[in-house]
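S.K.: missing the sequence, but the structure's below:
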């Protein structure tokens with residue numbers, strides 16, 4: 001396992017990758033590469049997700065056990081996408097971020113989109129999904145303490161996550177259809193997708209209501225037992 005040793009470099013990359021490098025990579029698929037090159041952009045986002053994860057790997061001093069547990073979270077998230085209507089990807093990314101750190105939350109959300117789309121269909125939308133679900137998991141990790149302390153704040157974040165995910169994907173829709181951004185078209189897309197957005201936001205609350213506590217208790221026991 002390659003580990004980034006320099007603490008300053010890790011700290012800088014933990015900010016640059018999710019907030020600058022990742023959005024720039026996603027935009028490459030819209031403004032630089034054509035539709036057939038979406039696979040390259042997806043791989044680039046996946047590589048940045050792994051690098052981001054490695055930035056926190058040594059800091060956490062967890063070894064391969066943490067990686068195995070995160071792989072299980074990704075697998076559960078991928079299987080969850082087969083549920084009709086309700087998709088628990090955001091919930092699993094949030095849980096991973098809360099209990100394994102922001103980098104793990106991003107990796108869970110990002111790879112859940114990439115792997116599941118081998119069945120649902122890869123396309124220029126995949127990097128946007130990877131970034132959207134990844135950044136929600138990353139933010140959950142950054143807000144780990146208040147989300148664990150307050151159930152109401154966790155549910156509020158779950159609801160907001162559903163809205164934010166839809167807002168990001170609406171940006172992709174507008175950019176892909178027009179080749180540029182239009183506020184009027186974006187607002188129209190938002191209004192059109194509002195019922196689906198609200199349904200997804202509510203589903204996030206339901207999944208975290210059902211899974212956050214039992215998963216959290218088990219993960220805490222595993223972390224304590226194996227030093228993860």
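M.R.: On my side now, so go ahead. Keep in mind that what you see is a predicted model, and the values were worked out from it rather than measured. Numbers count the residues shown, from 1 in each chain.
S.K.: Tell me which helix or strand the spatially most central residue of the chain sits in.
M.R.: The structure's the chain has its C-alpha centroid closest to residue 134; by CA atoms, centre = their mean the separation is 1.9 Å. For residue 134, the host element (DSSP states H and E) is helix 126-142.
S.K.: Check the gap between the residue lying closest to residue 55 once chain neighbours are set aside and residue 204 for me.
M.R.: Sequence neighbours aside, residue 10 is the residue nearest to residue 55 in space, at 4.3 Å (criterion: CB to CB, 6 or more residues apart in numbering). No exception for glycine: its C-beta is placed from N, CA and C like everyone else's. Distance, residue 10 to residue 204, by CB to CB, to the nearest Å: 30 Å.
S.K.: Tell me which of the two has more neighbours.
M.R.: When neighbours are counted by other CB atoms under 10 Å, residue 10 and residue 204 differ, and residue 204 comes out ahead with 27 against 19.
S.K.: wait, isn't the more buried one in contact with residue 164?
M.R.: No. Assessed by CB atoms under 8 Å, residue 204 is found out of contact with residue 164, at 10.3 Å.
S.K.: circling back to that earlier point, pLDDT averaged over the helix or strand following the helix holding residue 134 - what is it?
M.R.: The first helix or strand that comes after helix 126-142 along the chain, using DSSP H and E, is helix 144-149. Helix 144-149 shows a mean pLDDT of 94.
S.K.: which helices and strands does helix 144-149 pack with?
M.R.: Here helix 144-149 touches helix 89-100, helix 151-178, going by 3 or more CB pairs under 8 Å, 6 or more residues apart in numbering; DSSP states H and E.
S.K.: now the angle from the first one to helix 151-178?
M.R.: In other words, helix 89-100. 130 degrees (axes from the mean of the first three to the mean of the last three CA atoms, to 10 degrees).
S.K.: Helix 89-100 and the helix or strand following helix 89-100, what's the angle between them?
M.R.: Heading C-terminal from helix 89-100, the first helix or strand you meet, by DSSP H and E, is helix 102-120. Computed by the same axes, to 10 degrees, the angle separating helix 102-120 from helix 89-100 equals 150 degrees.
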